[in-house]
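J.: coords please:
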Amino acid sequence: MRNLFEFLDRWLMRLMSVVIFFSTAIIVCLITFLILSRYVFGWSVVGLLELSTLSALWLYMIGAVVASRNREHITVDFTAQSLNSPRLAAAHDLAISVILFVLGLFFLSLSWDMIEWAFRRPQVTPGLGIPLFAGQAALVAAAVLGMAYTVRDLIKATIALLNAKSEV
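T.: Residues are numbered from 1 along each chain as shown. Down below sits the predicted model:
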């Protein structure tokens, strides 16, 4: 079972790397073209900003999932560094995981509400008519994948706390 999760994690990381690569390339190309077209040629090209914003949204959300996967999200580690007891450190990790789990549930709830709204009242971008769901899907993906990694961390922290030796 562990090999299956490791395989899925590697496959998912490859997929996220592709999304990050292409969204970064799209942003750079579109913004460069937007600047050149507007300030060098005097053109106003409709829709470029919409596409670059959509790409940026996917980049930010997938980047947040990668940070969650690698446990590199923003933390205040003063307390963690000052804990000498393995049991206290494990309890601290569990507390962080529980907090992130609760926040993840909130994020999932908001994402679900956003999806329901998008299906009830479909909207599109003004320039190219791109369904707003294309951008909202990035938030949903981040909520679901981030929650999966949070559950992983919660399980690991619980196991670490159960196996940690108390300080004598």
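
J.: residues in contact with the lowest-mean-pLDDT helix or strand in the chain: which ones?
T.: Lowest by mean pLDDT, DSSP states H and E among the helices and strands of the chain is helix 78-82, with a mean of 74. The contact list for helix 78-82, computed with C-beta atoms under 8 Å, 6 or more residues apart in numbering, reads Ala89, His92, Asp93. No exception for glycine: its C-beta is placed from N, CA and C like everyone else's.

J.: got a winner among these for most neighbours?
T.: Highest neighbour count within the contacts of helix 78-82: Asp93, with 21 neighbours (other C-beta atoms under 10 Å).

J.: quickly find the element holding the nearest residue to that residue once chain neighbours are set aside.
T.: Using C-beta to C-beta, 6 or more residues apart in numbering and skipping residues adjacent in sequence, the residue nearest Asp93 is Ala157, 4.3 Å away. Element membership of Ala157, judged by DSSP states H and E, is helix 133-163.

J.: now the host helix or strand of Ala90: how far from the chain's centre is it?
T.: Assigned by DSSP H and E, Ala90 belongs to helix 86-120. Relative to the mean C-alpha coordinate of its chain, helix 86-120 is positioned 12 Å out (C-alpha atoms, centre = their mean, to the nearest Å).

J.: packing partners of it?
T.: The contact analysis (3 or more C-beta pairs under 8 Å, 6 or more residues apart in numbering; DSSP states H and E) places helix 86-120 against helix 78-82, helix 133-163.

J.: how far does the longest one sit from the chain's center?
T.: Meaning helix 133-163. 9 Å.

J.: report the inter-axis angle for that helix versus helix 86-120.
T.: 160 degrees (axes from the mean of the first three to the mean of the last three C-alpha atoms, to 10 degrees).

J.: thinking again about what came up before, most tightly surrounded among the helices and strands packed on helix 86-120?
T.: For the helices and strands packed on helix 86-120, the largest average neighbour count (mean count of other C-beta atoms under 10 Å) is found in helix 133-163, namely a mean of 17.

J.: helices and strands around it, which ones?
T.: Counting by 3+ C-beta pairs under 8 Å, 6+ apart, helix 133-163 packs on helix 48-69, helix 86-120.
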